[in-house]
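Student: Pasting the sequence and the predicted coordinates here, then a few questions.
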Amino acid sequence: MNKYEVWLRRLVYLNGAFLLLATFAVFLPPTAMAGAHEMLGLGSFPDSKITIYLARSTSLLYAVHGAVTLIVAVKWNQFREMVPLLAALHVLIGLAMIGIDVTSGMPRYWVVLEGGPIACFGLFLLWLSRQAGLGPTSKQAVE
């Protein structure tokens, strides 16, 4: 592995581990969700079944994404060619989150701190992937 691939693998590990932290939010009591919601300056938390369902299912999807990402890092030799795809998906998710945040009326700090960093992280992973020789133009993909 060259130095770019070493760093790429480390970042994929960290990303997967970070995303897995969302597992805790799946089990958060509604009172804790409401407290966090208010602490973030988002007003009072809507007390409805669909709100709790959406919060928990979104957290679960983040955690599942983290598990898949972590598996890619752990079984690196088997799955490293998936990293450019995961990176491109990060870019798309980040851009979509900016649109969702803006059209949902989220505060400016939320818009700036969510989608942009996700998209930039994806772009950085794409760059590292290319430097590491991974992706559709790499030797491994051609063979």
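Tutor: Done, it's in.

Student: For Lys3, the count of nearby residues, please.
Tutor: Residues near Lys3, counting by other C-beta atoms under 10 Å, number 9. Quick note: C-beta positions are derived from backbone N, CA and C, even for glycine.

Student: Then Tyr53?
Tutor: The number of residues packed near Tyr53 is 10, by other C-beta under 10 Å.

Student: Report the secondary structure state of it.
Tutor: Three-state call for Tyr53 (DSSP: H, G, I helix; E, B strand; the rest coil): helix.

Student: Just the pLDDT for it.
Tutor: On pLDDT, Tyr53 comes in at 97.

Student: Spell out, range by range, the strands that occur in this structure.
Tutor: Using DSSP state E, the chain contains no strands.

Student: Can you pull out the low-pLDDT segments for it?
Tutor: Filtered on pLDDT under 70, the chain yields the residue ranges 136-143.

Student: can you pull out the helices in it?
Tutor: Under the criterion DSSP state H, the chain carries helices at the ranges 3-20, 23-26, 30-39, 49-74, 76-79, 83-103, 108-113, 115-132, 139-142.
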